[in-house]
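Colleague: When you get a sec, could you give me coordinates for this:
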Amino acid sequence: MQRVLRAVEQVAPTDISVLITGESGTGKEVIAKAIHAGSLRRDRPLVVVNCGAIPEGILESELFGHEKGSFTGAIGTRKGYFEIADAGTIFLDEIGEMPLATQVKILRVLEYKEFMRVGGSTTVRVDVRVIAATNKELEAEVKKGTFRQDLFFRLNAVTIHVPPLRERREDIRPLVDLFVRRFCRENHIEFEGFTESAYHLLENYTWPGNVRQLKNLVESIIVLEKGKRIDERVLARHLRPAGEGERSLPVRVGKTVEQVEREFIYRALLELRDEIAELRRLIYDGLIAPRGLMPWRATHPEPVVDVAVDEPHEAPVHPLRDSEREAIRKALQAANNNRREAAKLLGISERTIYRKIKQYGL
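Modeller: Purely as a prediction, here's the structure:
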């Protein structure tokens, strides 16, 4: 990981395009943010775009904006992410998922720093640094014809590969400590920590989901184990045995493909049923037995304030559609029109918020 950090320090002060590669969950977005923070553009916007989460039909409109009347629902001129990121940095995550037609326009922005909005006839010039990331082998995608070779060469000027967590086990303990401190501080929770044997188990796990999986595990254990000290026995209950998630079923000789597929689907349905049952049990325990979710102690308990209680009155009833539209509008406003951040605020997926924005004409 030291090699990655040295590369970040070297490229950050420049304006060169950077391609970040690595498996899902390795922290590619964190690297992109570190590059931006170390650049001369640090006081300008960093716009993060997940290319794989935006439907192909509206991707160009999202990236480059559109003119009023350019398509059904385009009720006004709108800036795209490149214009919003002008003088700053744009991070194109999962660029390997980008359709070929859009790749051509990205190449033009890289080469000439200009583009046209969807439905527009005038050129828009921007000064944007491009950082891209992918978990795919782009060279293989070039050979398959799904990724443009010229764009690959243009992005590949500097490549930073983020190794999977299983290849940098020395990072696991500092990451665990960081996640614990951050989660407990943000949620005002006291946590007694991990035993040495638990750390040893964490450092020897394979982590197929990489840093993202480690972070989620730490946070869920703090909540579900009620802030108690975690030893290897407790930790083992939360870790899947290595290879379990791969579902690489053995294929017996003599079975047809259809038989194998049916067996795979049946096994997956059984696992899904068990997971839903476990989730239902946790929710049930939380609602019916709240004592089970109150073991930790709030480090900053909320002050008790006497509030005058008004007489009950009937609140006006608004159609659910209006409430949903207003919630999305406020989330977009709070997130400065950043759909990804707005989706996080609402607790919904990016695909859902894009669909809702189109549905409500926002």
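
Colleague: remind me which residues of the chain are low pLDDT?
Modeller: 241-271, 273-275, 277-318 (pLDDT under 70).

Colleague: which residues of the stretch 1-150 of the chain fall in strands?
Modeller: Counting by DSSP state E, counting those that start in this stretch, the stretch 1-150 of the chain has strands at residues 18-21, 46-50, 89-93, 114-116, 123-125, 129-134.

Colleague: gap between the last one and the chain center?
Modeller: If I follow you right, that is strand 129-134. 15 Å (C-alpha atoms, centre = their mean, to the nearest Å).

Colleague: quick one: it to strand 46-50, angle?
Modeller: 30 degrees (axes from the mean of the first three to the mean of the last three C-alpha atoms, to 10 degrees).

Colleague: residues making contact with strand 129-134?
Modeller: For strand 129-134, the surrounding residues in contact (C-beta atoms under 8 Å, 6 or more residues apart in numbering) are 15, 17-22, 28-29, 32, 35-36, 39, 41, 88-96, 106, 109-110, 155. All C-beta spots, glycine's among them, are computed from the backbone N, C-alpha and C.

Colleague: circling back to that earlier point, among the strands of the stretch 1-150 of the chain, which is nearest residue 58?
Modeller: Between residue 58 and the strands of the stretch 1-150 of the chain, the tightest spacing by C-beta to C-beta is seen for strand 46-50, at 12.2 Å.

Colleague: Centre of the chain to that closest one, how far?
Modeller: Between the centre of strand 46-50 and the centre of its chain there are 11 Å (C-alpha atoms, centre = their mean).

Colleague: for that strand, packing partners?
Modeller: If contacts are counted by 3 or more C-beta pairs under 8 Å, 6 or more residues apart in numbering; DSSP states H and E, strand 46-50 sits against helix 28-37, helix 81-84, strand 89-93, helix 339-346.

Colleague: Relative to it, what are the paired strands and their orientations?
Modeller: The strands that strand 46-50 pairs with in its sheet are strand 89-93 (parallel) (by DSSP bridges).

Colleague: Reformat the strands of the stretch 1-150 of the chain as TSV; add mean neighbour count and distance to residue 326.
Modeller: Shown next, in TSV, are the strands of the stretch 1-150 of the chain (neighbours: other C-beta atoms under 10 Å; distance: least, C-beta to C-beta, whole Å):
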stretch	mean neighbour count	distance to residue 326
strand 18-21	24	38
strand 46-50	21	25
strand 89-93	24	29
strand 114-116	16	33
strand 123-125	13	32
strand 129-134	25	34
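
Colleague: now these as a markdown table including distance to residue 229?
Modeller: Below are the strands of the stretch 1-150 of the chain laid out as a markdown table (distance: least, C-beta to C-beta, whole Å):
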| stretch | distance to residue 229 |
| --- | --- |
| strand 18-21 | 37 |
| strand 46-50 | 37 |
| strand 89-93 | 37 |
| strand 114-116 | 56 |
| strand 123-125 | 57 |
| strand 129-134 | 37 |
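
Colleague: Roughly how far does the nearest residue to residue 87 once chain neighbours are set aside sit from residue 180?
Modeller: Counting by C-beta to C-beta, 6 or more residues apart in numbering, residue 44 is the residue found nearest to residue 87 once chain neighbours are left out, at 4.6 Å. According to C-beta to C-beta, to the nearest Å, residue 44 stands 33 Å off from residue 180.

Colleague: cool, residue 208 as well?
Modeller: Counting by C-beta to C-beta, the gap from residue 208 to residue 180 is 22 Å.
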